[in-house]
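1. mind looking at a prediction? Sequence and model below.
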Amino acid sequence: MVVFGEGSAMALALAAAFFFSLASAAPDSFFGCYDSIVSFGDSLTDTGNDLVPGLHRGPCPPANPPYGRTYFHHPTGRFSDGRLIIDFIAQSLGLPLLKPYFSKPHNDTAQRRRSFSTGVNFAVSGASVLPYEFYKKMGCLDMSTNVSLGTQMEWFRTFLAGLPDGRKYLERCLFVLGPIGGNDYNNHLQLGKTLDELQFVTPLLVSHIGSTIQELIKLGVMTILAPGNLPDGCMPISLTSYGNSSTHNDYDPQIGCLSGLNEFSGYHNDLLQKELQRIRELHPHVNIMYGDYYNNAMRMYLAPNQFGFRNQILRSCCGGGGTYNYNPVEQCGSPQATCCRDPAEYISWDGIHFTEAANRVMAKGLLQGPYTDPPFSTNCIINSTSTSTIAEY
């Protein structure tokens, strides 16, 4: 029989409490699965690149209050009152919040490498899948940036070239490709294209995304999360923009979203999933996850009270008034806009982007729920068998 002293007993009790806390926290986190995150995308993922002069044309709303009020208590360049989906994913992996690629100049190459040892974010607000030149030739001149998916790939190659062992870095890296593509569709709609005409654009966008994924695989990326599009027909910006030209039959009778836009998002997502499956068959050793952002978001609209959303679910928290509290002339961040008392009761923050509360629900659905295919946990377990650590970088 072994007898423990008082100090030993207390140590055991503390250890037991520690391991119990780990066990209870396990469903909410995937610590140790990946050593870094690399992200591409647009304003749904941008963590501050939009603040860089020259990358964005015109006003920069997330540089002004009340953006960032909930978590950071000041604007950070994120299009939300707090954290984004990519932020919650990083924290669940036990990693720091993802730094924007242009966060600060680093003259010292070694210093820059250390700064991005746990990941880097190339996403820029307004970014498109197809190149800026493509839209310029079409006559679409009202674009907030000339950054495209190809531009972000160029930055990524430069970043990768500066690492001492790039392929080893990417073996334990979660690569998040999007969401991206919404700005492409908006560009075409601004040119007067109809949803029926946009269906001819979708295969081109999806093919471009697929080509980018295959290029990343050649560079050494082993795990990719490729999100689909959101239900755009539920966004205050869409409901405001198409409200005057829509009839009663254009709206979903259960929620009030625009059915046509949501069906189009579904069409894009169907083609994207088929493309991802095609690439999986070509590269069975690579973990390619589809992020079902559409159905993940729809559950918030279908059962808002379940997630604490108690106000009008199709109305934004911050905006310039109107039925859905979205005004393109007086957007959130402008002096004329007003902000709700509690953003956690709203799904939409500014009419285009989610509140931190909604982003939390979305991230949890991806990490724990059925909204990644294959499930995030499966890929995480596979990747956890590697022994490399971020200390090596």
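-> Structure's in. What do you need? Numbering: from 1, shown residues only.
2. below-threshold pLDDT in the stretch 1-150 of the chain: ranges please.
-> In the predicted model, the stretch 1-150 of the chain carries pLDDT under 70 at residues 1-29, 104-114, 141.
3. give me that answer again for 80
-> Within the stretch 1-150 of the chain, the ranges that satisfy pLDDT under 80 run 1-32, 56-58, 103-115, 140-142.
4. so what's residue 37 closest to, chain neighbours aside?
-> residue 119 (3.8 Å; Cβ to Cβ, 6 or more residues apart in numbering). For glycine as for every other residue, the C-beta is placed from the backbone atoms N, C-alpha and C.
5. how much space between the one you found and residue 87?
-> Applying Cβ to Cβ, to the nearest Å, the value for residue 119 to residue 87 is 11 Å.
6. ok so residue 363 is a helix residue?
-> Yes - counting by DSSP: H, G, I helix; E, B strand; the rest coil, residue 363 is located in a helix.
7. list the contacts of it.
-> 85, 88, 89, 92 (Cβ atoms under 8 Å, 6 or more residues apart in numbering).
8. quick one: neighbours of residue 328, just the number.
-> Residues contacting residue 328 under the criterion other Cβ atoms under 10 Å number 12.
9. for it, what are phi and psi?
-> Torsion angles at residue 328 (phi, psi; degrees, to the nearest 10) stand at phi -60, psi -20.
10. check contacts around it.
-> Counted by Cβ under 8 Å, 6+ apart, residue 328 has contacts 237, 240, 241.
11. dump these to TSV, plus neighbour count.
-> Formatted as TSV, those follow (neighbours: other Cβ atoms under 10 Å):
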residue	neighbour count
237	21
240	19
241	19
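12. just those: which are in helices?
-> If you go by DSSP state H, the contacts of residue 328 have 237, 240, 241 in helices.
13. how near is the last one to residue 377?
-> Distance check for residue 241 against residue 377: by Cβ to Cβ, it reads 39 Å.
14. then the second one?
-> Using Cβ to Cβ, one gets 39 Å for the distance from residue 240 to residue 377.
15. pretty sure residue 163 contacts residue 169?
-> Yes - in this structure, residue 163 is within contact of residue 169 by Cβ atoms under 8 Å, at 5.3 Å.
16. of these two, which one has the most company?
-> residue 169 (24 against 15).
17. can you map out the strands along the stretch 1-150 of the chain?
-> Applying DSSP state E, counting those that start in this stretch to the stretch 1-150 of the chain gives strands spanning 36-40, 119-121.
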